[in-house]
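In: Sequence plus the predicted model coming up.
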Amino acid sequence: MNTDIAPGQKIFLRLRGTDRTFGADVLEVASRGLTISTPRFREVPLDLASGDEVVVVYAVPGARFIYETTILAAGGDGRYTIGPPAGAVPVQERANVRQAVQFAVELADAEGRRYAVTAVNLSSGGLQVLSDRAWAVGTEVRVKLTLPRDFPLPIEVKAVVVWAERVLEEGRLVSRLGLSFVGAAIWQQDEIFRYIFRRMVEDRQLRVPRPGAPPDPPRGTSPRGGSGAGLGG
């Protein structure tokens, strides 16, 4: 799938942790990054500094892509340099990218009662949790979670139980719940997806290519051209 960005193309970006999107024109394309015009929202410019983290959305024929990068350089002439679209993901598929996890989450019911549960699967559109109590499908809850490691900003979002089942986990009967987020802010979705993306890279489920690096061999073959059949996956 073509993910290339061309000079003259319009892109949209926002500072990480914010919801307002600004439009910019791509002026130059190089292996190191993209030179863009000053991003604007209704003629209001977005002032950026080197090192700022941004989320970029752009379109190619038939698809829209999203990726995260940093401001590499901020020129005095209103031009900025941002990182290239390495690891860009189709926007419409982002909510379906899931990662196995294990960390504590807090659920609050309509009466404000709080329950400690364990997240076992996460996407930017929802999560699966294990709970000691039973929950009915359709129950609305408020989810509070803090992503591990270098994602310290707490995320609080409404969710609804879309499926529930009783399962045995380590010899005890618990409820496994599927929760779908309701009205999650864009920055919250970004934070979750960024965490999942990093976990996938660390777990070698996803490889982010370096500019100029040779392409990976086709799946099913070894780097020397032999068949990879029988290796699993």
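Out: Looks like it arrived, so ask away.
In: Name the residues of stretch 7-19 that are buried.
Out: 9, 11-16 (16 or more other C-beta atoms under 10 Å). Bear in mind the C-beta positions are built from the backbone N, C-alpha and C, glycine included.
In: Next: stretch 37-47.
Out: For stretch 37-47, a neighbour-count test (16+ other C-beta under 10 Å) marks 37-39, 46 as buried.
In: got the end-to-end distance for it?
Out: Using C-alpha to C-alpha, to the nearest Å, one end of stretch 37-47 lies 11 Å from the other.
In: go on, stretch 143-163?
Out: Using C-alpha to C-alpha, the end-to-end distance of stretch 143-163 comes out at 16 Å.
In: Show me the contact partners of that stretch.
Out: Contacts of stretch 143-163 with the rest of the structure, by C-beta atoms under 8 Å, 6 or more residues apart in numbering, involve 17, 103, 105-108, 119, 126-127, 135-142, 177-185, 188, 191-192, 194-195.
In: Kindly recompute the last result at 6 Å.
Out: Contacts to stretch 143-163, defined as C-beta atoms under 6 Å, 6 or more residues apart in numbering, come from residues 103, 105-106, 135, 137, 139-142, 177-184, 188, 195.
In: related to what we said a few turns ago, from the buried residues of stretch 7-19, which two are the most distant?
Out: The distance between the two most remote of the buried residues of stretch 7-19 (C-beta to C-beta) is 21.8 Å, for Gln9 and Arg16.
In: Tell me which of the contacts of stretch 143-163 fall in helices.
Out: If you go by DSSP state H, these have 188, 195 in helices.
In: Tell me which of the contacts of stretch 143-163 fall in strands.
Out: In strands, defined here by DSSP state E, the members of the contacts of stretch 143-163 are 103, 105-106, 140-142, 177-182.
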